[in-house]
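Asks: next comes the sequence, and after it the predicted model I'd like to discuss.
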Amino acid sequence: MEDPDGKGLVAIRYGSQTVDPVTGLLAPVVGARLDGSKKNVVPVTASFWLMAAEQTNNVQVEALQREACLRNTYWQQQRQREEDVLSDLDAAVFLCLLRVTEASTYQLQWSGKQLREAAVELQDLAQTEVQRRAAQRPNLALILPPYVLHLLTLGK
């Protein structure tokens, strides 16, 4: 892309400043796209996406809403299936441990404390993943039109 200070060509980098073709002002780069007519890559700015968002197609919006609804339903059902499997597994492990401790003097390798510590560690990892996903949302706000971001995040 052309350097905004007039120093020649520079690499297209996310967050770097370039002259916005829509407004003519300096704006951050949020992506790149292929210009088919010139057969080169051009930087994309936030105002380009905002301009594209103003030209919404109601059929596409409805299709996106249906898709988001279907995916949300699928993942809710998937979570329920996983919770059912985990509760069955938990009950099976508990019965197995109970039988082993009753049937022999075999000492368990995992104590209750160790199991609780492992569960806390898994919860910490899950919380870290939630925070990582939340940190990505501001970047999505620069790239996606507001109605698309609202639909994909279900307004959260």
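Replies: Alright, I've got the coordinates.
Asks: local confidence estimate at Gly31?
Replies: Predicted confidence (pLDDT) at Gly31: the value is 82.
Asks: tell me which element it falls in.
Replies: If you go by DSSP states H and E, Gly31 is part of strand 26-35.
Asks: using PDB, list the CA coordinates for that strand.
Replies: Output of strand 26-35 as PDB, limited to C-alpha atoms (Å, rounded to 0.1, in the frame of the first residue of the first chain):
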ATOM      1  CA  LEU A  26      -6.300   8.400   7.800                       C
ATOM      2  CA  ALA A  27      -7.900   5.200   9.100                       C
ATOM      3  CA  PRO A  28      -6.600   1.900  10.600                       C
ATOM      4  CA  VAL A  29      -6.200  -1.200   8.300                       C
ATOM      5  CA  VAL A  30      -8.600  -4.000   9.300                       C
ATOM      6  CA  GLY A  31      -8.000  -6.300   6.500                       C
ATOM      7  CA  ALA A  32      -7.100  -6.800   2.900                       C
ATOM      8  CA  ARG A  33      -9.000  -7.700  -0.200                       C
ATOM      9  CA  LEU A  34      -8.200  -8.600  -3.800                       C
ATOM     10  CA  ASP A  35      -9.000  -6.000  -6.400                       C
END
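Asks: counting by contacts, list what that strand packs against.
Replies: Counting contacts by 3 or more C-beta pairs under 8 Å, 6 or more residues apart in numbering; DSSP states H and E, strand 26-35 packs against strand 17-19, strand 40-45, helix 46-54, helix 112-143. Using the backbone N, CA and C atoms, a C-beta is placed for each residue, glycine as well.
Asks: parallel or antiparallel, list what pairs with it.
Replies: Its sheet considered, strand 26-35 pairs with strand 17-19 (antiparallel), strand 40-45 (antiparallel) by DSSP bridges.
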